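Trainee: what's the 3D shape of this:
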Amino acid sequence: MATFTKVAKPKAHHDEKTWAGSGSTTTISGLGFQPDWFHIKKRNATADHSVTDTVRGLTKNINFNNTDGEDTATLIASATSDGCTLTGGANEVNASGGGYIGHFFKLASSTTTNDASSTGVGTIDSTFRANTDSGISVVKWTGTGANGTIAHGLGAIPDAIIVKDISQDGFHWEAYWHGGNRTSQGNSINETDHIQFFNDGGISDDDNQYWNDTAPTSTVFSVGDKANVNESGQDHVAIVIANTNGSVRCGHYQGNGNVHGSFIFTGFKPRAVWIKRQDSSESTSWKTSTTVALGSDNSAQTGSGSNHGNTIQHNIKMDDANNGGAEVANQDNIEFYAQGFRPVTTDGKSNLEGAFYLYVAWADEPSVSTNNILGTAF
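Mentor: Numbers count the residues shown, from 1 in each chain. Predicted coordinates for the structure are as follows:
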């Protein structure tokens, strides 16, 4: 059955761009929105997965691939109406000879400050920017060290919440996941569990100190007294995602160990998919159909792993064990279709027989748009 979309143009809310590093001030343009959340990775050499947002401020950076706290280097000088201006020379975003990819997201145009005692929403004060159309919000709060609830602003129940202690070094990104909460499926994961989504050794674990064994609601999510998510006096940030037709889908699937892997329905053609094995140590992978830019001439990658239509043959590892390494060609292959994706590999990162995986799929085109016309794949 065709799935009608809430978001007709995903690229009006989140998109990817590639560029060649210049070593000097550079403006990235061509987005269909002014971005508020920035994830940038150097493709052809080692560099951190740099994450910046307008909730914390553009001078503050954290990384997916390590446990460091927030630093204050200015990598993004400013957001523009259709992109951003990068400072020159930083290895993470704009070094000469580097080939880069950026994943950009639109949030709300201004930051909401929620005083929980005044609004009656949640019990812990928070600031956030929420895009209620696309189902993505970024939330910041200062931990209390006690069980509490935090406003997220989405107006929909989150399906994934990925949290980082940003005040201190030594803390992994911790994740809540609803996508695998199916009583008929083995190894389910829900509000009783947590997983370190960008930790190579992260495995789902039952611990009520993270989410207080409480499912999120359309207004708040819960945290326990664990230092990783709510240490008293320490700042934390969360990426909060609610499954939204035509924009994003978080879920859960089981690998079959076959080069014709299981088909995972998303209701749209993906542009990018993040995959994390849930039940054993394995790298977190980022699969994207976006053409790679490498080298000073901004040329596309050629040779092994260069195919950016089906089969997509390149893999960017996002976890701490990889230490920000370069893209790997022709590994952990995947195919994107008009209504979902399929692993076409026996690699343990996405399709080992019997293994369980969590994913976030970001939309490129809806399967059926608001004009009732069926979309196509590549």
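
Trainee: hey, let's count contacts and neighbours off CA atoms from now on
Mentor: Fine.

Trainee: ok, Phe356 touching Asp279?
Mentor: Yes: with contacts counted by CA atoms under 8 Å, Phe356 reaches Asp279, the gap being 6.0 Å.

Trainee: Between those two, which is the more surrounded one?
Mentor: Just comparing Phe356 and Asp279: by other CA atoms under 10 Å the higher neighbour count belongs to Phe356, 23 against 18.

Trainee: List the contacts of that one.
Mentor: When contacts are counted by CA atoms under 8 Å, 6 or more residues apart in numbering, Phe356 touches Asn187, His252, Tyr253, Gln254, Gly255, Arg277, Gln278, Asp279.

Trainee: 6 Å - rerun?
Mentor: Contact analysis of Phe356 by CA atoms under 6 Å, 6 or more residues apart in numbering lists Tyr253, Gln254, Arg277, Gln278, Asp279.

Trainee: The closest residue to Phe198 other than its chain neighbours and Val229, how far apart?
Mentor: Nearest non-adjacent residue to Phe198, counting by CA to CA, 6 or more residues apart in numbering: Asp319, 4.4 Å away. According to CA to CA, to the nearest Å, Asp319 and Val229 sit 19 Å apart.

Trainee: same deal with Val220?
Mentor: Separation of Val220 from Val229 (CA to CA) stands at 15 Å.

Trainee: What of Trp274?
Mentor: If you measure Trp274 against Val229 using CA to CA, the figure is 22 Å.

Trainee: Show me which of those two is the more surrounded one.
Mentor: Shown here are Trp274 and Val229; by other CA under 10 Å, Val229 has more neighbours (32 against 20).

Trainee: circling back: mind listing which of the contacts of Phe356 are in strands?
Mentor: Taking DSSP state E, the ones among the contacts of Phe356 that sit in strands are Tyr253, Gln254, Arg277.

Trainee: Need phi/psi at the closest residue to Asp48 other than its chain neighbours.
Mentor: Using CA to CA, 6+ apart and skipping residues adjacent in sequence, the residue nearest Asp48 is Gly324, 4.6 Å away. When quoted as degrees, to the nearest 10, the phi and psi of Gly324 stand at phi 70, psi 30.

Trainee: pLDDT wise, what is Gly324 at?
Mentor: Taken from the predicted model, the pLDDT recorded for Gly324 is 89.

Trainee: Spit out the contact partners of Glu327.
Mentor: If a contact means CA under 6 Å, 6+ apart, then Glu327 has Arg43, Asn315, Ile316 as its contacts.

Trainee: Just the helices from the stretch 1-150 of the chain, written as ranges.
Mentor: Secondary structure of the stretch 1-150 of the chain (DSSP state H, counting those that start in this stretch): helices at 116-119.

Trainee: for it, which spans come out with low pLDDT?
Mentor: Residue ranges of the stretch 1-150 of the chain with pLDDT under 70: 1-4.

Trainee: so the residue nearest to Asp48 sits right up against Asn44, yeah?
Mentor: No: shown here, Gly324 and Asn44 do not form a contact pair, counting by CA atoms under 6 Å, at 10.6 Å.

Trainee: hmm, back to that, got TSV for the contacts of Glu327, with neighbour count and distance to Asp205 too?
Mentor: Putting the contacts of Glu327 into TSV (neighbours: other CA atoms under 10 Å; distance: CA to CA, whole Å) gives the following:
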residue	neighbour count	distance to Asp205
Arg43	25	32
Asn315	22	26
Ile316	24	25
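
Trainee: Filter those residues down to the ones in strands?
Mentor: Taking DSSP E, the ones among those that sit in strands are Asn315, Ile316.

Trainee: gap between Gly354 and Ile264?
Mentor: Applying CA to CA to Gly354 and Ile264 gives a distance of 15 Å.

Trainee: Those two - which one has more neighbours?
Mentor: Between Gly354 and Ile264, Ile264 has the larger neighbour count (other CA under 10 Å), namely 19 against 13.

Trainee: quick one: Val138 and Trp177, what's the gap?
Mentor: Distance of Val138 to Trp177, given as CA to CA: 16 Å.

Trainee: same deal with Thr18?
Mentor: In this structure, Thr18 lies at 30 Å from Trp177, with CA to CA as the measure.

Trainee: between these two, who's got more neighbours?
Mentor: Neighbour totals were compared for Thr18 and Trp177, and Trp177 leads with 27 against 22 (other CA under 10 Å).

Trainee: isn't the more buried one right up against Pro158?
Mentor: No: because the distance of 8.7 Å does not satisfy CA under 6 Å, Trp177 is recorded as not touching Pro158.

Trainee: Give the residues shared as contacts by those two.
Mentor: Between them, Trp177 and Pro158 share no contacting residue under CA under 6 Å, 6+ apart.

Trainee: How many residues are close by the closest residue in space to Thr127 that isn't next to it in sequence?
Mentor: In space, not counting the residues next to it along the chain, Thr127 is nearest to Thr113; the distance is 4.4 Å by CA to CA, 6+ apart. Other residues lying near Thr113 total 15 when counted by other CA under 10 Å.

Trainee: tell me, how many neighbours does the nearest residue to Gln34 once chain neighbours are set aside end up with?
Mentor: Counting by CA to CA, 6+ apart, Gln34 lies nearest to Ser81, which is 4.4 Å off, once chain neighbours are set aside. Using other CA under 10 Å, Ser81 has 12 other residues around it.

Trainee: and the gap between Ser81 and Thr111?
Mentor: Here Ser81 is placed at a distance of 17 Å from Thr111 (CA to CA).

Trainee: Tell me who's in contact with Gly257.
Mentor: Here Gly257 is in contact with Thr346, Asn351, Leu352, Glu353 (CA under 6 Å, 6+ apart).
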